[in-house]
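Novice: give me a model of this one.
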Amino acid sequence: MNRKNLTAAVLAGLAGAAGLAGTAQAVILNPDGLGQILFYPYYTSNDGNQTVLSVVNTTENAKAVKVRFLEGYNSREVLDFNLYLSAYDVWVAAIADSEFFGAAAGVPHIYIPDNSCTVPYLYESASTAPGLQAFLSLAYSGAFNDGGPEGIERAAEGHFEMIEMGTLVGDSADYATHQLTAAVKDKDGNVTRPATWEPLDCAELVDQWTEYFGAPDGIWFEEAASDEENCRLDPEDPVLVGCQAWTDTTRNSGGLFGGAAVINPNNGTMFSYDAKAIQGFDKTDDGIHYLPGSIHPSLDDGSEQTAYVFFGVPQDRAVEIWYPRPIDAVSAVFMHEYIMNEYASDADLNAATEWVVNFPTKHYYVDELLVGDSNDIAASTWIPVGGDACANWEAGDPFPTTKGEFGSTIDGPGPWDNIAYGWDWGECYYTLFDFYVDSGEAALPFTNLFDGEACEVVELRTWDRDERTFEPDEPGGSRPPVVSPSLPGGCDPELQVCEFTPFQLCFETNVLRFGDESVFGTPEIEGSSLLVTIDNEFENGWGQINFGVDERHVDFAGLVGLPVVGFAAYEIQNGYVTDDDGATVKAYYGGLFGHKANVRRTCAEQRACGSFGPRAEAN
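Specialist: Residues are numbered from 1 along each chain as shown. Take a look at the predicted model:
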């Protein structure tokens, strides 16, 4: 049984359903950690921290991979490039402040000690030194300012992603493949260059993406530029820069995994995590191999618009849900009503806890450069025509269940016209509707466009380790946590009885600090910060952030909450150990634990489950 079918079988077993044989045809968050897309929810170079990272190609095929680093406020790019992995290859790098490289502090850099091919080839030629490339502020400053901070400090904290663009074949696969290069000797037999294990010819891959004046362009550049309708080589409009090549590129083969760790050399701590892996993102025959430096391929460039979403107790089943855009299918596998984790802030241990709460797709819904304007069709969808055959469907109801291309049940209309294709949908017919995103409005499930911040109201509740929570009316009872910055007009737990603490998460990457002690050292930049502080009466316990209160956040298909990923990081100090001379030996310990979460679906919202209101127009 190959990997694709094995994954389908595992999911079918989890769901208790036999209809998941088409799993590879839908976007899925792979619990086994292998995929076509890898999400790394956090990096930082602040406060003496460094972030080390890796990606592993477990397949027998060479691959083209987009590597993209996104700052934490609005996920504007601070660096991206193309990575070309040989079969079974590993690529590693580190993110650190410029002070670690002997320069003035304050500029985050990526350090690449790995000779795997990139375009541009940063291992040999980068902005600061070979293998040393500075992060850039171009995408959020000057003409592209989005209302947030413009300094390079903004680039020091965020998340990153890797997107497989396709499987390399032919000469290009050979160029990327490592081989033994013989030692070079002078006429006297002295070794002037030792033998190395390195790719055959990274320069040739660079050449294939190079535009020449007075000489033929590289084949990949020529192919990309030939698509005059979609490829705009315009540095003044980064969103429209596309440009796709196809020579020596075939359909992606998946099989990537990776991880990262935040290391603090001064404290001796290391917080490591596995990247989240997505399968089933794209099945284009020629892959999605784009010009280095463009924002493509993005998470909205895949070919698949259905997602497998697993619902836990009491449903214990996976549902295939159709969406009008690829990005919505990616968001769906991260949708959660609430997340949960533990915290510890014990004073006698100088304990510190910070939660990283990352919304990996938020910018596609709140950044005006990506959302579009009122004159553009945001997406199209098939919706039921109603009547007895469609179970008397009305706007706001769940879509009637239909059958997918491979016989699997789809909870939604599916992207196909059953009249034209004749698949087994019974007598329930669908018609094509276009729907729009109004100018000045965020797209669901988010509610505010980014203008320096894009705040979403959520709610926090905490417990101690003995299941006690807020009891403000009882003698000696506890009060809810106080969150800063606080929500204007919200329930103030210092002044009134609150069942929970409402507050706002305003950025793509958010860091919640329990107590006074710091883990990652998130700074204030130009009067703004990714940091939220929580003054909690309990020293340790667990907490829950609710994204779906009053169904405030609901996506196109009725999933409640927001697309979220992240973890809790703990750090404690041990000052109780002494050496042979009686001197105190201070030691630091750290641990990292992924958030736990639930998934819920509703169709109570008129905007969910296929009802788009007055702006929906039939085709």
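Novice: point out where this structure drops to low pLDDT.
Specialist: Applying pLDDT under 70 to the chain picks out residues 1-24, 229-230, 232-242, 372-391, 393-439, 470-480, 486-499, 603-619.
Novice: report the central residue of it.
Specialist: Centre of the chain computed as the mean C-alpha position; nearest residue by Cα atoms, centre = their mean is P360, 3.5 Å away.
Novice: so where do the helices sit in the stretch 401-550 of the chain?
Specialist: Under the criterion DSSP state H, counting those that start in this stretch, the stretch 401-550 of the chain contains helices at 418-421.
Novice: could you pick out the longest strand of this structure?
Specialist: For the chain, the strand with the greatest residue count under DSSP state E is strand 565-578.
Novice: partners of that one in the sheet?
Specialist: Paired strands of strand 565-578, with direction, are strand 352-358 (antiparallel), strand 584-594 (antiparallel) (DSSP bridges).
Novice: show residues contacting the longest one.
Specialist: Residues lying outside strand 584-594 but in contact with it, judged by Cβ atoms under 8 Å, 6 or more residues apart in numbering, are 264, 267-273, 341-342, 519, 566-579. The way it works is simple: take the backbone N, C-alpha and C, and place the C-beta from them, glycine included.
Novice: for it, which residues meet the burial criterion?
Specialist: For strand 584-594, the neighbour count (16 or more other Cβ atoms under 10 Å) marks G590, G591, L592 as buried.
Novice: okay, now D201: neighbour count?
Specialist: Other residues near D201 come to 17 when the count uses other Cβ atoms under 10 Å.
Novice: just D47 next, same as before
Specialist: 17.
Novice: now swap in P502 and tell me
Specialist: The tally of other residues near P502 (other Cβ under 10 Å) stands at 19.
Novice: ok so, going back, closest one of the buried residues of strand 584-594 to G214?
Specialist: L592 (53.7 Å; Cβ to Cβ).
Novice: coming back round to it: enumerate every residue touching the residue nearest to the centre of the chain.
Specialist: So P360 contacts F39, P41, H159, E161, F334, E508, P563, V565 (Cβ under 8 Å, 6+ apart).
Novice: inside helices: which ones of the residues you listed?
Specialist: Taking DSSP state H, every one of the contacts of P360 sits outside helices.
Novice: just the helices in the stretch 251-400 of the chain please.
Specialist: Counting by DSSP H, counting those that start in this stretch, the helices of the stretch 251-400 of the chain are 326-332, 363-366, 368-371.
Novice: those helices: which one's closest to P485?
Specialist: Here helix 363-366 is closest among these (Cβ to Cβ), at 18.6 Å.
Novice: list the helices and strands that closest one packs on?
Specialist: helix 368-371 (3 or more Cβ pairs under 8 Å, 6 or more residues apart in numbering; DSSP states H and E).
Novice: now L530: how far from A94?
Specialist: Counting by Cβ to Cβ, to the nearest Å, the gap from L530 to A94 is 21 Å.
Novice: those two: which is more packed in?
Specialist: More neighbours surround L530 than the other of L530 and A94, with 27 against 19 (other Cβ under 10 Å).
Novice: hmm, that one is touching E157, no?
Specialist: Yes. When contacts are counted by Cβ atoms under 8 Å, L530 is listed as touching E157 (6.2 Å).
Novice: what residues are shared contacts of these two?
Specialist: Shared contacts of L530 and E157, counting by Cβ under 8 Å, 6+ apart, come down to G72, T509, V511, T522.
Novice: any chance of those residues in CSV, with distance to L168 too?
Specialist: Converted to CSV, those look like this (distance: Cβ to Cβ, whole Å):
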residue, distance to L168
G72, 32
T509, 32
V511, 38
T522, 39
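Novice: mark which of these are part of strands, please.
Specialist: Short answer: these in strands (DSSP E) are T509, V511.
Novice: what comes up buried for stretch 548-561?
Specialist: 548-549, 551-561.
Novice: I'd like the residues you listed as CSV, with secondary structure appended.
Specialist: As requested, the buried residues of stretch 548-561 are exported to CSV (DSSP: H, G, I helix; E, B strand; the rest coil):
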residue, secondary structure
G548, coil
V549, helix
E551, helix
R552, coil
H553, coil
V554, strand
D555, coil
F556, coil
A557, coil
G558, coil
L559, strand
V560, strand
G561, coil
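Novice: from these, pick the one nearest T247.
Specialist: F556 (36.7 Å).
Novice: hmm, that closest one is touching M335, no?
Specialist: No. Applying Cβ under 8 Å as the test, F556 and M335 come out as separate, 10.5 Å apart.
Novice: domains for the protein, by residue range?
Specialist: As assigned by automatic domain parsing, the chain contains the domains 1-32+305-336+377-436, 36-295, 338-367+443-598.
Novice: what's the first-to-last distance across the second one?
Specialist: Using Cα to Cα, to the nearest Å, the span of domain 36-295 from its first residue to its last is 17 Å.
Novice: now that domain: how far from the chain's centre is it?
Specialist: Relative to its chain's centre, domain 36-295 lies at 16 Å (Cα atoms, centre = their mean, to the nearest Å).
Novice: and what of stretch 532-539?
Specialist: 28 Å.
Novice: over to stretch 546-565?
Specialist: Relative to the chain's own centre, stretch 546-565 is displaced by 17 Å; criterion: Cα atoms, centre = their mean.
Novice: how long is that stretch end to end?
Specialist: 14 Å.
Novice: going forward, begin numbering at 35 instead of 1
Specialist: Fine by me, first position is 35 from now on; the one you just mentioned is stretch 580-599.
Novice: ok so, going back, now, of the helices of the stretch 285-434 of the chain, which is deepest in the fold?
Specialist: helix 360-366 (a mean of 27; mean count of other Cβ atoms under 10 Å).
Novice: what is that one packed up against?
Specialist: Partner elements for helix 360-366 (3+ Cβ pairs under 8 Å, 6+ apart): strand 340-345, strand 596-597.
Novice: tell me the bridge partners for the nearest residue to D123 once chain neighbours are set aside.
Specialist: Distance criterion Cβ to Cβ, 6 or more residues apart in numbering; nearest residue to D123, sequence neighbours excluded, is N91 at 4.9 Å. Listed by DSSP bridges, the beta-bridge partners for N91 are L290.
Novice: which ones are touching N91?
Specialist: Contacts of N91 (Cβ under 8 Å, 6+ apart): K97, L119, S120, A121, Y122, D123, V124, G289, L290.
Novice: now these in CSV, with secondary structure, neighbour count and distance to Y324?
Specialist: Shown next, in CSV, are the contacts of N91 (DSSP: H, G, I helix; E, B strand; the rest coil; neighbours: other Cβ atoms under 10 Å; distance: Cβ to Cβ, whole Å):
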residue, secondary structure, neighbour count, distance to Y324
K97, strand, 28, 14
L119, strand, 28, 16
S120, coil, 23, 20
A121, coil, 16, 22
Y122, coil, 14, 25
D123, coil, 22, 21
V124, strand, 14, 24
G289, coil, 20, 21
L290, strand, 27, 17
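Novice: nearest to V405 among the residues you listed?
Specialist: Nearest member of the contacts of N91 to V405, counting by Cβ to Cβ, is L290, at 29.2 Å.
Novice: check contacts around that closest one.
Specialist: Per Cβ under 8 Å, 6+ apart, neighbours of L290: 68-70, 72, 89-92, 97, 99, 196, 198, 311.
Novice: one more time with 10 Å, if that's ok
Specialist: 67-72, 89-93, 97, 99, 119, 196-198, 309, 311-313 (Cβ atoms under 10 Å, 6 or more residues apart in numbering).
Novice: in a helix, that's where L239 is, yeah?
Specialist: Yes. Going by three-state DSSP, the assignment for L239 places it inside a helix.
Novice: that one reaches L119, doesn't it?
Specialist: No. Using Cβ atoms under 10 Å, L239 is not in contact with L119; the gap is 11.7 Å.
Novice: mind listing the shared neighbours of those two?
Specialist: A98, C151, T152, L202, A210, P233.
Novice: the last one against E158, yeah?
Specialist: It stands for P233. No. Under the criterion of Cβ under 10 Å, P233 is not in contact with E158, lying 11.3 Å apart.
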